[in-house]
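Q: Build me a structure from this.
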Amino acid sequence: MTRVDSPIETQTSDPHIAASRSSRTALLVCAGVCFIVSLAFGSWVLRNSSGSVVVGASLLMLVALIAVLMAAGFVSRELAYWRNPIHKLSKLVGELRAGEAPLADLDKVGGGAHLLIEPIRAVLYDLRDQRKRNAELTDEMRQRIMNRTDSLERQLGVMKAQASRDALTGLGNRRAFDQILVSAFDDAKSQRKDLSILMIDVDNFKPLNDTLGHPAGDELLRQIGQVIKGSMRDTDTGFRVGGDEFVILMPGADLEAGKRLSKRLEQLVDGLAMPLKLQYPPRLSIGVSSISATKATSPATLIEHVDKALYEVKNNRSTRLRRGAA
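A: Numbering: from 1, shown residues only. All right, here's what the predicted structure looks like:
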């Protein structure tokens, strides 16, 4: 298998580094030769009993001094040209990786360490590009997750709305009514405001289905839902709680406001039923009640009062019809 040299390995095989190594080797050899010669000469002087001992000792000291100076020069050159710059370079690389120094500071490193600058610069550039790509991928993934989360939240919102809405009329369903009634009642009590409720029943709805069919009955219910939506205030909420039963909650409205809305709804639905030309046209029976009028202490007691009001309306209407028939 072919071995691929790294940029740093390739750079350290540069001829300048080889030449530097050769010069250091030559310097060490020269210093060693001088030291060996001085030892040999010293030994010869000690064996010589003539008067040249002083001169020989002086020459010996001079040669040893030269050897020491050469070794000191080598050490000083080694520190100045290699070790100090490499130590500085090592510290600078750590700062560059941590983002605490600019890449331009690499050009300030001298000595033999400058031969390593370009490979290190290339590695740092590659590292920076890799970090940039990783950051871009992270941002892209985060954006995709956010988009997916938004889509799921919208779908969840649609599902919640569908779960609390009557499909035929677009009004709230029974489940939504049970939830909103409690919160509306509690808000009215805590804010010391009134709350009116209208309980609506469609009379003669079964004869309509039996005579004109269920599609005609569904269309009438759909139209009644539109009438309720168009007649309510922005703060009111309408519900279809049964087959032909509707409820309207009117936060902040007293009993009289509820009765005015009741009369308007009766008139509008009477107008819808006129084109049907039935012997017993459908019409609305509406019971109206409020917290202030009944002194209701809970949503359940308020429902009891409005149910009673609706029963009285239907009973009075039946009585009038019997009297008219007699």
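
Q: Look up how far residue 292 lies from the closest residue to residue 294 other than its chain neighbours.
A: Nearest residue to residue 294 in three dimensions, chain neighbours excluded: residue 305, at 4.2 Å (CB to CB, 6 or more residues apart in numbering). Yep, even glycine has a C-beta here, placed from its N, CA and C like the rest. Remark: distance between residue 305 and residue 292 (CB to CB, to the nearest Å) = 11 Å.

Q: These two: who's more crowded?
A: For residue 305 against residue 292, the residue with the higher neighbour count under other CB atoms under 10 Å is residue 305, and the figures read 20 against 14.

Q: my guess is that one meets residue 289, correct?
A: Yes - using CB atoms under 8 Å as the test, residue 305 is close enough to residue 289 to be in contact (4.3 Å).

Q: Pull up the overlap in contacts between those two.
A: Listed as contacting both residue 305 and residue 289 by CB atoms under 8 Å, 6 or more residues apart in numbering are residue 296.

Q: quick one: which helix or strand includes residue 189?
A: Residue 189 is part of helix 174-190, with elements assigned from DSSP states H and E.

Q: Just the buried positions in that helix, please.
A: If you call a residue buried by 16 or more other CB atoms under 10 Å, then helix 174-190 has these buried ones: 176-177, 180-181, 184-185, 188.

Q: give me every residue that touches the residue nearest to residue 294.
A: Shown here is residue 305, whose contacts under the criterion CB under 8 Å, 6+ apart are 289, 293-294, 296.

Q: That one and residue 152, how far apart?
A: Taking CB to CB as the measure, residue 305 and residue 152 are separated by 43 Å.

Q: C-alpha coordinates for stretch 234-243, CSV please?
A: Included here for stretch 234-243 are C-alpha records, laid out as CSV according to Å, rounded to 0.1, in the frame of the first residue of the first chain:
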residue,chain,number,x,y,z
ASP,A,234,-67.6,39.5,18.1
THR,A,235,-67.4,38.5,21.8
ASP,A,236,-70.3,36.0,21.5
THR,A,237,-69.8,32.3,20.7
GLY,A,238,-72.3,30.0,19.0
PHE,A,239,-72.5,26.2,19.3
ARG,A,240,-74.5,23.3,17.8
VAL,A,241,-74.9,21.0,20.8
GLY,A,242,-77.3,18.5,19.3
GLY,A,243,-79.2,17.6,16.1
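
Q: For it, give the mean pLDDT please.
A: Average pLDDT, stretch 234-243: 94.

Q: Buried only: go through the contacts of residue 305 for me.
A: 289, 293-294, 296.

Q: Pick out the most distant pair among the residues you listed.
A: Using CB to CB, those reach their maximum pairwise distance at 293 and 296, which is 8.7 Å.

Q: Tell me the spacing between the nearest residue to residue 163 once chain neighbours are set aside and residue 281.
A: Computed as CB to CB, 6+ apart, the closest residue to residue 163 that is not its neighbour in sequence is residue 175, at 7.2 Å. When CB to CB is applied, the distance between residue 175 and residue 281 equals 31 Å.

Q: which SS state does the residue nearest to residue 294 fall under?
A: The three-state assignment at residue 305 reads helix, by DSSP: H, G, I helix; E, B strand; the rest coil.
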